[in-house]
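Asks: kindly return the folded structure for what I paste below:
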Amino acid sequence: MRTEHVESDLTVIGGGLAGCCAAIAAARQGARVALVQNRPVLGGNSSSEIRVWVCGATAHGAQRYARETGIMGELFVENQYTNPDGNPYYWDLVLLEAVRAEPNLSLFLNTDVRDVEADGPADARVIRSVTGWTMGSERVVTFTSPAFVDCSGDGLVGHLAGAEYRTGREARAEFGESWAPEVPDEVMLGSTILFYSTDAGHPVPFVPPSFAKDIRKTSILDRRVIRADAKGCAFWWIEWGGERDIVHDNEEIRDELQAAVYGIWDHIKNSGEFDADNLTLEWIGSVPGKREYRRFVGDHVLIQHDVLEQTEFPDRVAFGGWSIDLHPPGGMYATEPGSRHWHPDGVYHIPLRCLYSRNVTNMWMAGRTISASHVAFGTTRVMATCAVGGEAAGTAAALAVQRGLTPRELATEHIDVVHRALTRADGPPLGVPADDPADLALTARVRASSQLRTPAVEVSDGTEPLDEALGLVLPVHPSLGALELLVDADRDAELVAEVHATGKPQNYLPARLVATATAAVPAGEKQWVRLDVGWRPDTPQNAFVVLRADPSLAVHHSATAEPGTLFFRHREPTPDERWTEQWRAWKRILQRESLCFRLVEPTSAFAPARVVGGHARPYGGPQMWVSERLDHDREPWVELRWDEPVTVAEVALVLDDDVEEDLINLHHHHTPFRVLPTLLRDYDLQLDDGGGWRTVARVMDNRRRHRVHTLDAPVSIGALRVVARATNGAPRAHVVSVRAYGSATDS
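Replies: Numbering: from 1, shown residues only. Coordinates of the predicted model:
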């Protein structure tokens, strides 16, 4: 056997989405990174070996403006362009190319870490090295580095290093969690094996193997939905093993899951209940997709309260929005529903203190092993949330090594360093303002060729009857004086609107009634009805306008929408709603559509000053500059100008990739465009160094959100401009942030 020794600044063990994002993030901070993966492909549960959808904070549309940015956002957007049909093998390529693009990152596939050298007292262990066996080439590789990130999913590295961890379910009394059991136990979420089918174009028989499960003898037919046209994650409920040891009983769990898959397929093919003669199995997984095992203990344990109350931690570095999603111990054989869900009112925060071990001084963790209770783990475990935690952990680990700090010191004494690094990288913190003093843009005056002042949607594509209430989210900056709606009335009636504050800046649900407006509507069609609201909040935010139900009225809607607005339908719960905690009346949204409305008073929500500082995603409003329509302002621009010249080496732009769009790999639904229309397609970056405007970068066919322009040499300038030449389809130019730095990033 060959033996090798690899030295780096950081070793990341595990090549799922958490590990990939951790490794890429650390490499971009200038660290030399070894990424060690025990499978031949990257992606973990999302890879072509297992094929789980990459779900995250959008929660299949339950959360608004919630799609992840940062590295996970880059992967989503790139996959949408290169892989719009969700081919799982193309997704493997997206990940592989992202990792290989980083010059500071070395990838070791098929390398199974199974030995850890660690020493020190129980409360201050230190990992010295990890050693893996590279299958196929018979190599033993030892990795040494000042710090390690356990993204292994099962947490083997931390376990072998002596890190404290939890398994199973805590007692309800420990953290005061209403969804925890009265008595602690070792029950976990089970594992899943999926399958794909295809139409062969001719009849294909299926002879089940002898070990196929006879699902007629189980509760599956009574409790689970089987469809012949379903495939992949539509069968997420094929789950088992929650009452076993997920790791040590992995082979038994795999055999049971495969037996169930073949039994389900036998039922589809041979029961006579489905039109399935021409269907054949295209793929069946052989690696169980694990949901849960070890959860390491950090300086903070995320709990149910933190998720549902959306606790604003001072060291918040990532966010999630998936529901607390817990499954019954019996999995597919349980008589209860396959899952129950409790959504927070919006996205929640994950603190850095959940991403490192409290007793192993140089170990970080990301993915499903982060510091959380079983209940809170029910939401943090989904892969896009694991990924943003990975980016935060990788960034922080690189910074800690560079500065000679422990994870605890970085999280508690130098969190501003982490926040600024993540913000500069367009990373995943939520509600952390861009206040980096190195950003010269913060001292500039900003103006633009135009701005969207009075959002309006005036062209009707039909009507929405007010049989049930309707909702409209509008930005309020600085006030919502009057609102006009296009209305039909069968008879003389009154249109009543309730205006609600949404509570936290990342929420898009009615939380507190702040005003009510009523307007008389005479019988007739297509009438612009004015509602005088008169709400002027202390800070810019969103208003959730509820139009009360009145069957005699109908409001016109349009197939287009203005930036920063949302249109909801209301739905009352049905008598068989089993879990009242998961009920959300305002869940149904018409994507990219709107009610026909006009704002009477101008808004500053889209002013050019929004591109400096603030937040790089919607937070208490849209948080971006938006021009007038391109048919009025043909080449809109936004300009930063300084009172005294500044020396600039790098200009970074954050463009609008519309985080309201839910992009899911192995697609849960189809998104109708390969490139987000709101992104600038063609633009010029211009500098004024005293001799007039000079174009230093001309970008064509852009499809990315974060664009960093490093100048050939630092230059003294008095102003810079971004000139929009074309969008990818949006009728206006959108720019989220413009940043300028006196030195380029290390990467």
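
Asks: for the stretch 601-747 of the chain, just list every one of the strands.
Replies: Along the stretch 601-747 of the chain, the stretches classed as strands by DSSP state E, counting those that start in this stretch are 625-629, 637-655, 680-688, 693-699, 706-727, 732-741.

Asks: give the buried residues for the longest one.
Replies: Buried residues in strand 706-727, defined by neighbour count with 16 or more other C-beta atoms under 10 Å: 706-709, 711, 717-727. From N, CA and C alone the C-beta is placed, and that goes for glycine too.

Asks: averaging pLDDT per element, find the lowest-scoring helix or strand in this protein.
Replies: None of the helices or strands of the chain scores lower by mean pLDDT, DSSP states H and E than strand 588-589, at a mean of 74.

Asks: Asp275: which of the buried residues of strand 706-727 is nearest?
Replies: Thr727 (44.1 Å; C-beta to C-beta).

Asks: please look at that closest one and Val675 and confirm they touch.
Replies: No. In this structure, Thr727 is not within contact of Val675 by C-beta atoms under 8 Å, at 9.8 Å.

Asks: following the helix or strand hosting His557, which helix or strand shows up next?
Replies: Per DSSP states H and E: His557 is located in strand 553-558. Counting by DSSP H and E, the next helix or strand C-terminal to strand 553-558 is strand 566-569.

Asks: quick one: contacts of that next one?
Replies: Contact with strand 566-569 is made by 64, 464, 468, 470-473, 508, 557, 561, 586, 588-590, 593-595, 660, as judged by C-beta atoms under 8 Å, 6 or more residues apart in numbering.

Asks: which among the residues you listed end up buried?
Replies: 64, 464, 468, 470-473, 508, 557, 561, 586, 589-590, 593-595, 660.

Asks: just confirm Gly441 is within a helix.
Replies: No Gly there; residue 441 is Ala. Yes. Counting by DSSP: H, G, I helix; E, B strand; the rest coil, one finds Ala441 located in a helix.

Asks: burial check on it, number of neighbours?
Replies: Neighbour count for Ala441, taken as other C-beta atoms under 10 Å: 23.

Asks: mean confidence score for the strand holding His557?
Replies: In this model, strand 553-558 has a mean pLDDT of 97.

Asks: swap in stretch 67-87?
Replies: Rounded mean pLDDT across stretch 67-87 is 96.

Asks: how far off centre is that stretch?
Replies: On the basis of C-alpha atoms, centre = their mean, to the nearest Å, stretch 67-87 sits 11 Å off its chain's mean C-alpha point.

Asks: do the same with stretch 283-291
Replies: That offset, for stretch 283-291, works out to 23 Å (C-alpha atoms, centre = their mean).

Asks: end to end, how far does it reach?
Replies: 21 Å (C-alpha to C-alpha, to the nearest Å).

Asks: list the buried residues for it?
Replies: Buried, per 16+ other C-beta under 10 Å, within stretch 283-291: 283, 285, 287-291.

Asks: and the protein, what are its domains?
Replies: For the chain, the structural domains run 2-169+295-322+344-424, 191-284, 440-450+606-741, 456-599, going by automatic domain parsing.

Asks: which of these sits most buried?
Replies: For the domains of the chain, average neighbour numbers computed from mean count of other C-beta atoms under 10 Å are highest in domain 2-169+295-322+344-424, which has a mean of 23.

Asks: give the other helices and strands that the strand holding His557 contacts.
Replies: Helices and strands touching strand 553-558, by 3 or more C-beta pairs under 8 Å, 6 or more residues apart in numbering; DSSP states H and E, are strand 463-465, strand 480-489, strand 594-595.

Asks: quick one: contacts for the nearest residue to Val708 once chain neighbours are set aside?
Replies: Spatially, and ignoring its direct neighbours in sequence, Val708 is nearest to Ala652 (4.8 Å; C-beta to C-beta, 6 or more residues apart in numbering). Applying C-beta under 8 Å, 6+ apart, we find Ala652 in contact with 424, 426, 706-709, 737-741.

Asks: would you format those residues as TSV with distance to Tyr356 and pLDDT included?
Replies: Listed next are the contacts of Ala652 as TSV, based on distance: C-beta to C-beta, whole Å; pLDDT from 0 to 100:
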residue	distance to Tyr356	pLDDT
Arg424	22	96
Asp426	23	96
His706	26	98
Arg707	32	98
Val708	28	98
His709	34	98
Ser737	29	98
Val738	34	98
Arg739	29	98
Ala740	33	98
Tyr741	29	98
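
Asks: and which of the residues you listed is nearest Thr603?
Replies: Using C-beta to C-beta, those come closest to Thr603 at Ser737, 19.5 Å.

Asks: quick check: closest non-adjacent residue to the closest one.
Replies: Nearest one to Ser737, counting by C-beta to C-beta, 6+ apart, is Val654 at 3.8 Å.

Asks: any idea what that neighbour is bridged to?
Replies: His706, Ser737 (DSSP bridges).

Asks: closest to Glu309 among the buried residues of stretch 283-291?
Replies: Closest to Glu309, out of all of those and judged by C-beta to C-beta, is Arg291, at 24.6 Å.

Asks: contacting residues around the closest residue to the closest one other than its chain neighbours?
Replies: In space, and not counting its chain neighbours, Arg291 is closest to Leu189: 3.8 Å by C-beta to C-beta, 6+ apart. The contact partners of Leu189, by C-beta under 8 Å, 6+ apart, come to 239, 242, 291-292, 326-327, 378, 381.

Asks: tell me which of the residues you listed is nearest to Asp9?
Replies: Closest to Asp9, out of all of those and judged by C-beta to C-beta, is Arg381, at 28.5 Å.

Asks: can you give me the helices in this structure?
Replies: 17-28, 70-82, 88-100, 156-161, 172-175, 220-223, 250-270, 304-308, 374-380, 383-403, 407-413, 415-424 (DSSP state H).

Asks: what packs against the third one?
Replies: What it means is helix 88-100. So helix 88-100, by 3+ C-beta pairs under 8 Å, 6+ apart, packs with helix 17-28, helix 70-82, strand 105-108.

Asks: repeat for the first one
Replies: Counting contacts by 3+ C-beta pairs under 8 Å, 6+ apart, the secondary-structure elements packed against helix 17-28 are strand 10-13, strand 33-36, helix 70-82, helix 88-100, strand 105-108, strand 147-150, helix 383-403.

Asks: can you tell me the average pLDDT over the last one?
Replies: Model confidence over helix 383-403 averages 98 on the pLDDT scale.

Asks: CSV for the domains of the chain, including distance to Glu182?
Replies: Below are the domains of the chain laid out as CSV (distance: least, C-beta to C-beta, whole Å):
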stretch, distance to Glu182
domain 2-169+295-322+344-424, 10
domain 191-284, 17
domain 440-450+606-741, 35
domain 456-599, 18
